[in-house]
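Peer 1: Provide a 3D model corresponding to the input given below.
(one chain, ligands or ions: 2)
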Amino acid sequence: MRLTLMFPMFLLAACGTGSTTDTSGGSDTSGGDTSGGDTGPNGYGDGACVSGEKWTGGNRESEDMNPGQACIECHSSSDEAPSFAIAGTVYTNYDEPKNCNGLDGATVRVTDASGNTYEDKTNSVGNFYISSRDARIKTPYTAEVEFADGTVATMAGEQTSGDCNSCHTQDGAEGAPGRISNFAGQ
Ligand code: HEC
Ligand code: HEC
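Peer 2: Ligands and ions are numbered 1, 2, ... in the order given. Below you'll find the model as predicted:
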């Protein structure tokens, strides 16, 4: 019984329609907590592609390809595709769909376990990548993204995979809050 009560509460928090007239709920207080600390990865928006533009070129050779998809996962299974130490896409919101073009001109900075820092600026579709030839990332690494207005989003935890979009999916995988984005700074 206790467990079945938890579930609807979580849904309410996530969609934010908020009528906490749940009645059944006893005096559980949770009602007024709009701070949304734990609303879950999909509590942020409507899943729109903010730029309104999408990649439609499939795997055609281009640095603008497949924004939002797990670059390294695919590249490592192809002989033609370059080998990346770090790659991904930066967006304006957490919940943007794959192939949606992201945010130009953000600087992605990775500091590895030896203290070496590597960075790349996102291109016109928000993609960034650092070749395995240019970086030997000693793991675990930390990462931050500096946006054009000077705000910085920092990943609190350390990671070992350089395939940023594998966790920073539309829904957010492995605990990530969705896409790498400047949403928190807005
Ligand atoms: C589903 C597979 C797949 C995904 C996902 C993918 N790529 Fe690729 N990528 C390829 C293939 C295949 C090639 C080689 C194409 C060729 O040589 O014809 C390639 C080539 C490239 C190239 C070389 C282009 C050139 O002009 O030489 C870049 C840069 C690149 N990809 C960046 C990315 C980035 C950044 C991402 C993630 C946002 C990504 N790719 C996601 C399959 C993929
Ligand atoms: C294995 C999963 C995983 C990978 C790979 C990963 N991240 Fe994260 N990222 C997370 C999780 C989980 C969080 C939220 C907790 C935290 O900040 O550590 C996060 C948070 C972030 C944030 C802060 C988000 C916000 O809006 O406050 C940024 C920025 C970020 N990651 C950038 C990156 C970049 C850049 C890469 C690739 C170089 C990367 N991440 C790779 C899991 C991952």
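Peer 1: low-confidence ranges in this protein?
Peer 2: Under the criterion pLDDT under 70, the flagged ranges of the chain are 1-44, 185-186.
Peer 1: could you redo the last one with a cut-off of 90?
Peer 2: 1-47, 183-186 (pLDDT under 90).
Peer 1: for it, what spans make up the strands?
Peer 2: Counting by DSSP state E, the chain has strands at residues 84-91, 107-111, 117-121, 127-131, 142-146, 152-154, 180-181.
Peer 1: now those strands in JSON lines, with distance to ligand 2 and mean neighbour count?
Peer 2: Quick note: C-beta positions are derived from backbone N, CA and C, even for glycine. Formatted as JSON lines, these follow (distance: least, C-beta to the nearest ligand atom, whole Å; neighbours: other C-beta atoms under 10 Å):
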{"stretch": "strand 84-91", "distance to ligand 2": "5", "mean neighbour count": "26"}
{"stretch": "strand 107-111", "distance to ligand 2": "5", "mean neighbour count": "19"}
{"stretch": "strand 117-121", "distance to ligand 2": "9", "mean neighbour count": "16"}
{"stretch": "strand 127-131", "distance to ligand 2": "8", "mean neighbour count": "21"}
{"stretch": "strand 142-146", "distance to ligand 2": "4", "mean neighbour count": "19"}
{"stretch": "strand 152-154", "distance to ligand 2": "4", "mean neighbour count": "14"}
{"stretch": "strand 180-181", "distance to ligand 2": "5", "mean neighbour count": "28"}
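Peer 1: format those strands as TSV; extra columns: distance to S166.
Peer 2: Output for the strands of the chain, formatted as TSV (distance: least, C-beta to C-beta, whole Å):
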stretch	distance to S166
strand 84-91	9
strand 107-111	15
strand 117-121	17
strand 127-131	14
strand 142-146	13
strand 152-154	18
strand 180-181	12
